[in-house]
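**Student:** attaching a predicted model along with its sequence, questions to come.
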Amino acid sequence: MVSEYEKERCTSQPKDATIDAFSKALNYPAEFFFSDDVDEVENNAISFRSLKSMKASQQHAAVGAGAIGVMLNSYFSDRFNPVDINIPNLTGSDPELAASIIRTEWNLGSQSVGDMINLLEKHGVRVFSLDENTLSVDAFSFWKDGTPYVFLNTKKSGERSRFDAAHELGHLILHRDEIPQGKEIEREADRFAAFLLMPRDTVLPYSGKFLTIDNILKLKKNWKVSAMALIFHMKNLGVITEWQYRTLIIDASKLGLRTNEIDGIPRETSKLIKQLLAALQARGVSVRTISNELNLPIDEVTGLLFMLGVVSNPKKAKEHVLRTKPSLTLV
């Protein structure tokens, strides 16, 4: 039935009962189906990891989240002056060199990156979270009409989410003129992320030292990375031997560090989105207002705005109003 209605030659409109059934089945307001066409994102423009292992439903949900993210960005851009985009095109560059160039151009020096999401937003990347329907996806990014987007899984540890953000920045910088998919492409983005977060000259001083897993757990705080990421990076730089690497991996696995962190850092969130929502709230515009104007379910909107779980009861959704005090002074 849906297929027939979507055909261009179809001139009949679904009956009210049918539209109501679509709305209930998809949990979308009926008005959504009569709104302007959604500006879709092409699958091959998105940096999906392990594309072969992804279910079609997971991929479609992620693409849908990307399209809604574009809608939200347009909503904000129509009401506020967007941050200028400062993401160089370094397609084909060596990942370590690209990371070094970014650190130089963005005046990062060799210090640890304080907040990856804030860094991305400061340079014009539109960063959104992933909602309940897409939490099986680690992260993804794409360019759309000259604007860079990054979507992050908010259920991962703070360290892994930072690495994901750096990884997606690698795609935006290194693969802008390429299809950002494939094993080699992913390895390049991983190398970029590792060198951006852990510059070579800050890791090499530990070369030749006998490092235990307890040492790694202390050292990882220098760069705000996971224990596993630090072990891998040290091995790739030759800071630790193959024997040390295997020993550390075994010890880390016993402690469950392949999926979790000990004494982990808080997850980063979007300060920019918080400021935008606070400014809108000062004008009497709530998240419910935004969802109504875009004809979207409120949980779809909150899920992308780092507010996952804020509205869990649909009956209370209409009562949802942000209580964040306005903090944005220039709009």
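**Tutor:** It's in. Numbering: from 1, shown residues only.

**Student:** in the protein, where's the longest helix?
**Tutor:** helix 56-79 (DSSP state H).

**Student:** C-terminal to that one, what's the next element?
**Tutor:** Reading on from helix 56-79 to the C-terminus, the next helix or strand found by DSSP states H and E is helix 95-105.

**Student:** so what touches the next helix or strand after that next one?
**Tutor:** For helix 95-105, the following helix or strand on the C-terminal side (DSSP H and E) is helix 116-122. With contacts defined as CB atoms under 8 Å, 6 or more residues apart in numbering, helix 116-122 is touched by 83, 106, 113, 127, 150, 152, 161-162, 165-166, 169, 197, 268-272. C-beta coordinates here come from the backbone N, C-alpha and C atoms, glycine included.

**Student:** follow-up on the earlier one: which parts of the longest helix of the chain are buried?
**Tutor:** Neighbour-count burial for helix 56-79 flags 58-59, 61-66, 68-73, 75-76 (criterion: 16 or more other CB atoms under 10 Å).

**Student:** do stretch 109-124 as well
**Tutor:** V113, M116, I117, N118, L119, L120, E121, H123.

**Student:** of the residues you listed, closest to T134?
**Tutor:** Closest approach between the buried residues of stretch 109-124 and T134, by CB to CB: I117, at 17.4 Å.

**Student:** nearest residue to that closest one other than its sequence neighbours?
**Tutor:** For I117, the nearest residue in space outside its immediate sequence neighbours is E268; the separation is 4.6 Å by CB to CB, 6 or more residues apart in numbering.

**Student:** number of residues surrounding that neighbour?
**Tutor:** 22 (other CB atoms under 10 Å).

**Student:** sec struct for it, please.
**Tutor:** Three-state assignment for E268 (DSSP: H, G, I helix; E, B strand; the rest coil): coil.

**Student:** next one: it from P14, what distance?
**Tutor:** 43 Å (CB to CB, to the nearest Å).

**Student:** circling back to that earlier point, looks like the residue nearest to I117 contacts R162 (just checking).
**Tutor:** Yes - between E268 and R162 there is a contact under CB atoms under 8 Å: 6.5 Å.

**Student:** sweet, I'm off.
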